[in-house]
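3D model of this:
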Amino acid sequence: MSRTQLDARSLRFAAWVTSAVLAAVLATGSWELAAAQTLVFAAGAFAGLRRAPYGLVFRYAVRPFLGPPVETEDEAPPRFAQLVGFVFGVAGTVGYGVGPAALGVAAIALALAAALLNAAFGLCLGCLCYLRLRLWVPPVARMFGQ
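Next comes the predicted model:
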């Protein structure tokens, strides 16, 4: 089976944009902005990272100015990470939207920490969880294309 490969730079780009959006959510307490980021996570998890908004921005606005990718990554682990981000985004949106606000702060802060680790160091916590789960629960691998 052919696996979708992604330009590794696109994943770091998306992590930086996500970090900025989540930091803005923490700074403003905006449930609408949290909901918008949650929709971005949903697009990445359910439609694939090539169709997700930040992936499209990278492909059409950033990548033309870069050389060809030196490193590619399998899409399945980061796509699962988007699903994890979606869960935290839903919790954050609910917390900021209807309460308790502490739920919103905690969920968004955890998502921001994970996004920053990915952006700054290339360490994807959701990807690591996927790799562990794949060993323990084989249907998880099939759900995400492996």
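
Name the helix or strand for the residue most central in space within the chain, please.
The residue lying closest to the centre of the chain (CA atoms, centre = their mean) is residue 82, at 3.8 Å. Assigned by DSSP states H and E, residue 82 falls within helix 76-97.

Flag every buried residue along stretch 44-57.
When burial is assessed from 16 or more other CB atoms under 10 Å, stretch 44-57 yields the following buried residues: 44, 45, 48, 49, 50, 52, 54, 55. From N, CA and C alone the C-beta is placed, and that goes for glycine too.

one step back: please name the nearest non-neighbouring residue to the residue nearest to the centre of the chain.
Among residues not flanking residue 82 along the chain, residue 44 sits closest, at 3.4 Å (CB to CB, 6 or more residues apart in numbering).

Residue 43 now?
Residue 43's closest residue in space is residue 52 (CB to CB, 6+ apart), at 4.4 Å.

Could you measure from the one you found over to residue 23?
Distance, residue 52 to residue 23, using CB to CB, to the nearest Å: 19 Å.

swap in residue 86?
Taken as CB to CB, the span from residue 86 to residue 23 is 18 Å.

low-confidence ranges in this structure?
The chain contains residues with pLDDT under 70 at 1-2, 138-146.

about what we covered before: what residues does the residue nearest to the centre of the chain make contact with?
Residue 82 is in contact with 41, 42, 44, 45, 49, 52, 126, counting by CB atoms under 8 Å, 6 or more residues apart in numbering.
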